[in-house]
Structure formats: C-alpha cells, structure tokens
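J.: Okay, here's the prediction I keep looking at, along with the sequence it came from:
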Amino acid sequence: MPAKNTIPTDIKLVIVLVLLTDIFVLIPFLSDSPIRTVLGLPMVLFLPGYALIAALFPGKDDLDGIERIALSLGLSIAVVPLIGLGLNYTPWGIRLVPIVVFLTNFTILMSIVAVYRREALGADAFSVPFREMCEAVVAEINEKPESRLDRILTIILVMSILASVMTLAYVVVTPKQGEKFTEFYILGPEKMADNYKTQLELGESVDVIIGVVNHEYSVVNYSIKIRLNNETIDTPSSLNHIALAHNVTWEKPVSFVPGVTGEDMKLQYLLYKDDNMTEPYRDLHLWINVTEVAK
C-alpha cells in the first residue's frame, strides 16, 4: 500500500465511508440507528461504482466530473446485484453480513488499485479539487452582493437548498411505518406447513416447530400456551417469556405427548402478547387422534 500521504483525498473518503457503514451495519446497538440508512445508501448506490471508475480511469483527462458521477451510479447499480447473484451460489447465500463483507472488499480493493494507478500517472492523475471548491464557495459567500435584491435571492436559494436536503434526510431516515402484525405459525418435522403427525398411539408425541415473527415496530414480549380439548397443558419455561425486537424471527421445536386417548381432539397453540393472558393474540390448532397401543 502506498504511503499515507500519497492516498488521494477522494479515495480516503471512500474507504472511511465504507468502514463507517460496516460499523453501523454490523454492530448490534448501532444497527438500529438512522445513520445506518444514511450511510447504507451511498454504500449501495455510489461507492462501489466510484471505486471501480477510479481504478479503470485514473487519468484526469479520461472522464469529466459529470461522467464520473453518472458512471459511478450506473456501475454501482450493476455491481451490487452481480455480487448478490454470485453469493446465491455460495454457502453463505444472499444475507446481510456476506453482502456487506463482499461489497466492502470489492470497494476497498478497487480503491487500492486506483491509488496505485494514479500514483503511476503522477501529475496526469485525476484528483478531486476539494480545497479549490471550498475556497470558491467561501469567496462566493464573502463577496458583497451587488444589490439588496441579489442578497435576498441568495438567502432564499440557500434556504431552499437546506430545506430540500433536510426533507430528503427526513424521508430517508424515517420510513413510513407499515401495518403492525405478528406472524405465528407451526411447521412439521420437515420445516414445511405439511405432514403433521396427527395419528398417534398413546405415548407418542406431536412434534412441531413453532415460529413467531415480530412486525410490531417495537419490542414485544410473547408467551405460548398449549391446550388439548380446552385443557391447558404444562409448557416449557422457554415458551413463557419470548422477547422479540422488530423484524426478529423466533423458531423452536416443541413436543407434546397427549396423556389421553380420543378422536378429533383439538390441540391448540396459543400466542399471547405483552403478558395479556386473558385472550390469545393468535391461535393455531391441529386435530389429532390418539389410540391405545396396539398389542
């Protein structure tokens, strides 16, 4: 890697933004922050393409500024789905952590290539004139307006730009809240909503996988009870208090051994919310037949 003082400012900024995004995505207590969304959008829509363009076109005469920005957006939109497609054929699959890791590695690798290629070009290498841009803005601000009307128009323009940026930031970091609900389901032994064992001999167990998914936009405490023909059955303590954050999924195998025989007995799985045990929040059931052990 080249010495620190040879790394162009724009490449430094790309690497810093990528690492900050990783921190706010991968660290649990930071991942719920709105900053994650603010950093995540450039990570997906701009930074990978910008690093790739910087590696492919290191010269200052290769592309102008508008072309670099447009190609950075376009290539980012192309690169991210291709990385996802490649991950689909790996053991990691298309999940958050693998996508973040591969995007980070791709962007930093392209940034390193860009640094070396620009260094080889010397004075002909592309660079973003941050200092000149800041000086031009300061000079424009400090320049005395020619008239009172110019001053008023400048103030209105600045206020309009700030209002637009603040509105966009608000829309991005505070997405519209959807419908609040909870998914509650039971799966068979093959993790499918089918092939439940309902024909039993006395002493055999009903084995299901119970699942709960919180879409309530807040942390919710759930409890699960089991009933057979309206008689509550003792359940494991792990089903009594299930605290789930928003968009978190909980699944657990649960076995129940009926102690009586009978036909068309109603086996209920009841979900309660926020310690309200008077009436179930969700209700699922199976009809089971239990016979004496064949001799």
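T.: Ah, there it is. Numbers count the residues shown, from 1 in each chain.
J.: how much distance is there from the longest strand seen in the chain to the middle of the chain?
T.: Determined from DSSP state E, the single longest strand within the chain is strand 262-273. With Cα atoms, centre = their mean, to the nearest Å as the basis, strand 262-273 stands 35 Å off its chain's centre.
J.: same deal with stretch 104-113?
T.: Counting by Cα atoms, centre = their mean, stretch 104-113 is centred 22 Å from the centre of its parent chain.
J.: Can you mark which positions in it are buried?
T.: The neighbour-count check on stretch 104-113 (16 or more other Cβ atoms under 10 Å) flags 104, 106-108, 110-113 as buried. In this view, the C-beta of every residue, glycine as well, is placed from N, C-alpha and C.
J.: Contacts only, for P236.
T.: P236 makes contact with V254, according to Cβ atoms under 8 Å, 6 or more residues apart in numbering.
J.: now P8
T.: Taking Cβ under 8 Å, 6+ apart as the definition of contact, the neighbours of P8 are 114-115, 118, 125, 127-128.
J.: Show me the helices in this protein, by range?
T.: Ranges of helices within the chain are 9-26, 28-31, 34-45, 47-56, 65-88, 96-121, 130-142, 148-173, based on DSSP state H.
J.: most neighbours per residue, which of these?
T.: Counting by mean count of other Cβ atoms under 10 Å, helix 47-56 has the highest mean neighbour count of the helices of the chain, with a mean of 24.
J.: For that helix, give the mean pLDDT please.
T.: What helix 47-56 shows for mean pLDDT is 92.
J.: Quick check: the gap between the residue nearest to D275 when sequence neighbours are not counted and A245.
T.: Once flanking residues are discounted, D275 sits nearest to N221: 6.2 Å by Cβ to Cβ, 6 or more residues apart in numbering. Counting by Cβ to Cβ, to the nearest Å, the separation of N221 from A245 is 11 Å.
J.: and the residue nearest to D275, what are its bridge partners?
T.: Legend: beta-bridge partners of N221 under DSSP bridges are A243.
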